[in-house]
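[1] what shape does this take:
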Amino acid sequence: MTRSALLRVFTTEGGLSTRTRRTYVLKQCPTIKVDVEFSISESESEDKITQISRPYLDYGHYD
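    The predicted structure is shown next:
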């Protein structure tokens, strides 16, 4: 799965992140989150998911 496919259901969360590791929140319920690791490709939207955590509940982090 690619980053662009993930962004159809999830959105990025504020806080510290890098291009290879980021936390995403479910659009329908922002307290459900997953931590995702990516392998880098030429286009950021084409980065492939290498690892994804189990969904967990957490309060929001805002910049």
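
[2] tell me what Thr11 is bridged to.
    Val25 (DSSP bridges).

[3] Tyr24 is in contact with that one, correct?
    Yes - with contact defined as C-beta atoms under 8 Å, Thr11 reaches Tyr24; the gap is 6.6 Å. C-beta coordinates here come from the backbone N, C-alpha and C atoms, glycine included.

[4] which of the two has more neighbours?
    More crowded of Thr11 and Tyr24, by other C-beta atoms under 10 Å: Tyr24, with 21 against 12.

[5] and for the more buried one, nearest residue in space, chain neighbours not counted?
    Phe10 (3.8 Å; C-beta to C-beta, 6 or more residues apart in numbering).

[6] what is the neighbour count of Asp35?
    Asp35 - counted by other C-beta under 10 Å - has 16 other residues nearby.

[7] that one and Val25 touch, don't they?
    No - between Asp35 and Val25 no contact is recorded; they are 11.0 Å apart, counting by C-beta under 8 Å.
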